[in-house]
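>>> the following comprises the amino acid sequence and a computationally predicted model.
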Amino acid sequence: MPSDNLDITPLDEQTARTQMAALFRLAARERLHEGISNHFSYALSEDGQCFLMNPYGVHFSAMKASDMIVLDTANPPDLSDPKIDITAWSIHGAIHKVVPSARCLVHLHSQFATALVCLKNPDLPPIDQTSARFFNRLSWDIGFDGMGIGGEGERLASCLGNHNVLMMGAHGFLVAAQTPALAWDIAYHLERAAKNYITALSTGREVNILPANIAEKTAQQWEQYERDTNGYQMHLDAMMDVLDGGDDSYRH
Ligand SMILES: [Zn+2]
């Protein structure tokens, strides 16, 4: 994960719970979730040992701040507890331990990003402003060997490298970021970029790929602009205002 892209102050637990609950509601609103299977987490401690996780069985559209459970990698939970998704524990526990600076992890099987990682060549070429944001900024895990139980978390953590996004072959993707706001902004735009690319491919016409120097310049402009404006947080704040205008029960 990049270490220098944001100046971050860790969130207190209540703020983290509220923002994470908002992320679940927004993921459902954008139809990025798959049933109740996906999972997001936020590390409460600097070493990644304790983290918030969504309980299994609560739909993203109904998630509340108080629903989030606290897990501790030094004290593994009782995996027979129906609230614990064993794949979530395995993946998030391992990544928070190995990459503690990634306070927020967002894992989704959204439609277009997942379609992309199912292609023989799963690259996301820079074809527009949104996809160019991810130019040379994606990591890949093509070692899918079943559900994320056992050593998958360690393997995923080692594949993430110096990027915020891990594209997971035959599975979905995972965003690792310092804040819920950044994780949301990346997840949202990644799905949009994949949607644009898959839609362009679906025409059957030749896709126009941007030159590498233009793609790199555009990616750097995204990063600079977001840093200068705190655009990630503005995006989340704006979306929380939208949520608050309808149903603010996620805050409870
Ligand atoms: Zn998954």
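Looks like it arrived, so ask away. Numbering: from 1, shown residues only.
>>> can you give me the buried ones in stretch 241-252?
Buried residues in stretch 241-252, defined by neighbour count with 16 or more other CB atoms under 10 Å: 243, 250, 251. Every residue, glycine included, has its C-beta placed from N, CA and C.
>>> return the residues in contact with the second one.
The contact partners of residue 250, by CB atoms under 8 Å, 6 or more residues apart in numbering, come to 18, 21, 22, 24, 25, 63, 64, 65, 243.
>>> how close does the first one sit to residue 249?
Taking CB to CB, to the nearest Å as the measure, residue 18 and residue 249 are separated by 11 Å.
>>> same check on the fourth one?
Going from residue 24 to residue 249 by CB to CB gives 12 Å.
>>> show me the shaky parts of the stretch 101-250 of the chain.
148-150 (pLDDT under 70).
>>> among the contacts of residue 250, which are in helices?
Among the contacts of residue 250, the members found in helices (DSSP state H) are 18, 21, 22, 24, 25, 243.
>>> could you single out the nearest of these to residue 155?
residue 24 (25.9 Å; CB to CB).
>>> who's in contact with that closest one?
33, 40, 54, 60, 61, 63, 250.
>>> just residue 128 next, same as before
Neighbouring residues of residue 128 by CB under 8 Å, 6+ apart: 193, 196, 210.
>>> picking up where we left off before, can you select the buried ones among the contacts of residue 24 for me in ChimeraX?
To isolate the buried ones among these in ChimeraX, judged by 16+ other CB under 10 Å, type:
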select :33,40,54,60,63,250
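>>> in a markdown table: the contacts of residue 24, plus secondary structure and distance to residue 129.
As requested, the contacts of residue 24 are exported to a markdown table (DSSP: H, G, I helix; E, B strand; the rest coil; distance: CB to CB, whole Å):
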| residue | secondary structure | distance to residue 129 |
| --- | --- | --- |
| 33 | coil | 26 |
| 40 | strand | 26 |
| 54 | coil | 32 |
| 60 | helix | 28 |
| 61 | helix | 30 |
| 63 | coil | 31 |
| 250 | helix | 31 |
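>>> let's have the contacts of residue 24 in JSON lines, adding distance to residue 182.
Output for these, formatted as JSON lines (distance: CB to CB, whole Å):
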{"residue": "33", "distance to residue 182": "19"}
{"residue": "40", "distance to residue 182": "13"}
{"residue": "54", "distance to residue 182": "19"}
{"residue": "60", "distance to residue 182": "19"}
{"residue": "61", "distance to residue 182": "23"}
{"residue": "63", "distance to residue 182": "19"}
{"residue": "250", "distance to residue 182": "19"}
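>>> pick the one among the contacts of residue 24 closest to residue 110.
residue 33 (7.8 Å).
>>> so what's the closest one up against?
24, 27, 60, 108, 110.
>>> is it true that the last one touches residue 191?
Yes: assessed by CB atoms under 8 Å, residue 110 is found in contact with residue 191 at 4.7 Å.
>>> identify the contacts common to the two.
Common neighbours of residue 110 and residue 191 (CB under 8 Å, 6+ apart) are residue 32.
>>> quick one, phi/psi of residue 141?
Main-chain torsions, residue 141, degrees, to the nearest 10: phi -130, psi 110.
>>> can you tell me the closest non-neighbouring residue to it?
Distances taken as CB to CB, 6 or more residues apart in numbering put residue 159 closest to residue 141, at 4.2 Å, once the chain neighbours are dropped.
>>> what lies in contact with the strand or helix carrying that neighbour?
Using DSSP states H and E, residue 159 maps to helix 152-160. Where contact means CB under 8 Å, 6+ apart, the residues beyond helix 152-160 that reach it are 1, 87, 90-95, 97-99, 102, 139-141, 143, 145, 148, 166, 168, 174, 176.
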